[in-house]
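> Build me a model:
(2 chains)
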Amino acid sequence: MVRALALGAALLAALTVAVSAHGPSRQKVTETVEINAPPDKVWQTIGNFQDMSWHPAVAKTEGKGGNEPKATRTLTLTSGGKIDEQLLKYDPAKMTYKYEMHHPDVKVIPVNNYSSILSVKGEGDKSTVEWRGAFYRGFMNNDPPPELNDEAAKKAVTDIYRSGLDALKQKLEAGG
Amino acid sequence: MRFRLKHAALILAAALVAAGAASAVETRHVSEAFVTNQTDDTLSIVELATLEVADTIKIGGKPAGIAMSADGTRAFVTAPEGNELVVVDALKRQIIKRIKVGAGPLGVAAHPTNGRVYVADWYKHKVFVVDPDVGRIVAEVQVGQSPSGLAVTPDGRLLLSADRDSNEVSVIDTQTNKRVGGVAVGERPFGITIDAAGARAYTANVGSDDVSVIDIASRKLIATVPVGRRPYAVALAGSRAFVTNQYGDSVSVIDLASSKVLKTIDVGDHPEGIEADPAGANVYVACWFDNLLQRIDPVGLTVTGEAAVGDGPRAFGLFLR
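The predicted structure is shown next:
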């Protein structure tokens, strides 16, 4: 029991150090989609920090603090993984919000120190949604394994953005 | 006609050199920014007068840190993924040496007189002392965990290292290359800047969202100033400090006398490296996500111009010459 506790403490210590450091180079991903719908309507769909139901990979959004800075949300993915996020900035006039992810599980998403901006621009019946993210890879030291390297991190984020934006377009354009 | 133009250009160049030499006696004059673009592996050289990119140099190894020799003729760039210190001839705009250093070189600083360059190694928890002319490491100093920003006092006696994962600043004697003390600061200090008098040092603490003010002589923390989310680095101009908030997309302006934030200026996404010109006339900030070098008026506290640079500018260190 004592040994198990000691081992646990050692693991925790190792984990703490790992969490505090990160790889040498931050990555960035920007994905956009053009939607045949007015910007206001698009923002109505995606502009609530407490509702990520527009994304096909998100099964449930639970959170508190509404759309005020420091509001939090927990996304439960259809895969079963969970992601904790916090709102940094919210500007409905500019139709944009910025948030960060808290201590992601690299098995759910292989990134660290992730922050992101979601925004809508456009006029008339045309909108452009931009989703951009800044993050480090999942493995925080030199010589990462392939599933936790820079490319894996970029691919994971790109896939999430792409699938979300494409589904959003489909949903809004089908709904007229 | 072409000949005459060339001749005129030569005379102009000679006049500029003479002007540069004259002003060096008074306040150091700066005319260019050397911006490390980590994502696209380059260095953008920006003319400050026009905010135009005059040249782009391929560096490789995901360049991040930057320092200038005291005379402004050499730029020292760290390439953390190439494990190199890259020495650039700042006048010819050419790489003149690549020096292998450690396993994660990031922060870098140049000594004002002895020619040494200090390189912080993020993974080896050491500061390497490099002779850039000979092209090799001449000493190493054991510091705290993941040293990040480095700064040398104007008299050249002390080197300060922001040891990010120890929440501490190491004080190093540059004569002996030994760590002679430490000062506990906020959480995860990253950038560190020393004032022109060599009296105080300022760390941007990424973890606790504040700036620590250190009295260098007594090695004491004398103030902690809350700023925006994830502060990265600090620039000093006149009686004010300018702090980049990576997640805030902003620069916090601190009044140094009262240690209070006067204003928060909106800038580009993920502002990082920041430096004031020696006259305190302008502050320049690299915005990593937006690929911009922005200029701030440190009196009016507004953004007054910007230059489009390469992808992922960090400019971590002193990048003006």
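> shaky segments in the chain?
Since you didn't name a chain, this refers to chain A. A:1-24, A:176 (pLDDT under 70).
> meant chain B, my bad for not saying
In chain B, residues with pLDDT under 70: B:1-26.
> Now do the same contact list for the residue of it found nearest chain A.
Proximity of chain B to chain A (CB to the nearest CB) peaks at residue B:80, 3.8 Å away. Using the backbone N, CA and C atoms, a C-beta is placed for each residue, glycine as well. Residues counted as contacts of residue B:80 (CB atoms under 8 Å, 6 or more residues apart in numbering or on different chains) are A:24-25, B:61-62, B:64-65, B:104-106, B:122.
> Near chain A, which residues of the stretch 51-200 of chain B are found?
Neighbours of chain A within the stretch 51-200 of chain B, by CB under 8 Å from any CB of the partner chain: B:62, B:64, B:80-81, B:103-104, B:106, B:122-123, B:145-146, B:164-165, B:188.
> and those residues, which are buried?
B:62, B:64, B:80-81, B:104, B:106, B:122-123, B:145-146, B:164-165, B:188 (16 or more other CB atoms under 10 Å in any protein chain shown).
> re the thing from before, kindly list the main-chain dihedrals of the residue of chain B closest to chain A?
Dihedral pair for residue B:80: phi -60, psi -30, per degrees, to the nearest 10.
> Equivalent analysis for residue A:46, please.
According to degrees, to the nearest 10, residue A:46 has phi -110, psi -10.
> Surely residue B:130 is in contact with residue B:150?
No. In this structure residue B:130 lies outside contact range of residue B:150 using CB atoms under 8 Å: 11.8 Å.
> Look up the residues that both of those two are in contact with.
With CB under 8 Å, 6+ apart as the test, residue B:130 and residue B:150 both reach B:118-119.
> measure residue B:273 to residue A:161 for me?
Look at residue B:273 and residue A:161: by CB to CB, to the nearest Å, they are 27 Å apart.
> okay, the two: which has more neighbours?
residue B:273 (28 against 23; other CB atoms under 10 Å in any protein chain shown).
> ok, now which ones touch the more buried one?
B:35-36, B:66, B:191, B:232-233, B:244, B:285-286, B:313-317, B:319.
> same thing with residue B:310?
Contacts of residue B:310 by CB under 8 Å, 6+ apart are B:35, B:37, B:39-40, B:42-44, B:56, B:291.
> out of those residues, who's nearest residue A:154?
residue B:39 (11.0 Å; CB to CB).
> three-state assignment of residue A:161?
At residue A:161, secondary structure determined by DSSP: H, G, I helix; E, B strand; the rest coil is helix.
> Okay, and the beta partners of residue A:133?
residue A:29, residue A:116 (DSSP bridges).
> I figured it hits residue A:115, correct?
Yes. Between residue A:133 and residue A:115 there is a contact under CB under 8 Å: 7.1 Å.
> ok now do the residue nearest to residue B:116 when sequence neighbours are not counted, which residues does it touch?
Nearest residue to residue B:116, sequence neighbours excluded (CB to CB, 6 or more residues apart in numbering or on different chains): residue B:129, at 5.5 Å. Taking CB under 8 Å, 6+ apart, we find residue B:129 in contact with B:116-118, B:137-141, B:177.
> Bridge partners for residue B:129, pull those for me.
Bridge pairing for residue B:129 - DSSP bridges - gives residue B:118, residue B:139.
> Name the residues of the stretch 201-321 of chain B found near chain A, please.
Checking the stretch 201-321 of chain B against chain A by CB under 8 Å from any CB, the hits are B:229, B:246-249, B:269-270, B:288-289, B:312.
> which one among the residues you listed gets closest to residue B:182?
Closest to residue B:182, out of all of these and judged by CB to CB, is residue B:246, at 25.4 Å.
> The nearest residue to that closest one once chain neighbours are set aside and residue B:205, how far apart?
Leaving aside its chain neighbours, residue B:246 sits nearest to residue B:230 (4.1 Å; criterion: CB to CB, 6+ apart). Look at residue B:230 and residue B:205: by CB to CB, they are 9 Å apart.
> More neighbours: these two, which one.
Applying other CB under 10 Å to residue B:230 and residue B:205 shows that residue B:205 carries more neighbours, namely 27 against 22.
> Pretty sure residue B:211 is one of the things the more buried one touches, is it not?
Yes. Using CB under 8 Å, residue B:205 is in contact with residue B:211, at 6.8 Å.
> okay, and the common contacts of those two?
With CB under 8 Å, 6+ apart, residue B:205 and residue B:211 have common neighbours B:186, B:231.
> for residue A:130, what are its contacts?
A:30-32, A:117-119, A:121 are the contacts of residue A:130 under CB under 8 Å, 6+ apart.
> How about residue B:213?
B:200-202, B:221-225, B:259.
> Find the nearest non-adjacent residue to residue B:297, please.
residue B:304 (4.9 Å).
> which SSE is the one you found in?
strand B:302-308 (DSSP states H and E).
> The contacts of residue B:310 in strands, which ones?
Secondary structure from DSSP state E places B:35, B:37, B:42-44, B:56 of the contacts of residue B:310 in strands.
> how many other residues sit next to residue A:90?
Neighbours of residue A:90 under the rule other CB under 10 Å: 18.
> can you pull the contacts of it?
Residue A:90 neighbours (CB under 8 Å, 6+ apart): A:49, A:67-69, A:71, A:97-98.
> do residue B:100 as well
B:83-84.
> 10 Å instead?
Neighbouring residues of residue B:100 by CB atoms under 10 Å, 6 or more residues apart in numbering or on different chains: B:82-85, B:135-137.
> And for residue 35, the neighbour number?
Defaulting to chain A. 23.
> was after chain B, sorry
27.
> Please apply the same query to residue B:198.
Around residue B:198 there are 16 other residues, counting by other CB under 10 Å.
> Pretty sure it sits against residue B:155.
Yes. Counting by CB atoms under 10 Å, residue B:198 touches residue B:155, with 5.7 Å between them.
> the helices in chain B, which residues?
B:2-25 (DSSP state H).
> Quick check: closest non-adjacent residue to residue 158.
In the absence of a named chain, chain A is used. That would be residue A:29: by CB to CB, 6+ apart, it lies 5.3 Å from residue A:158.
> ah, no, chain B please
Nearest to residue B:158 is residue B:171, by CB to CB, 6+ apart, at 5.9 Å.
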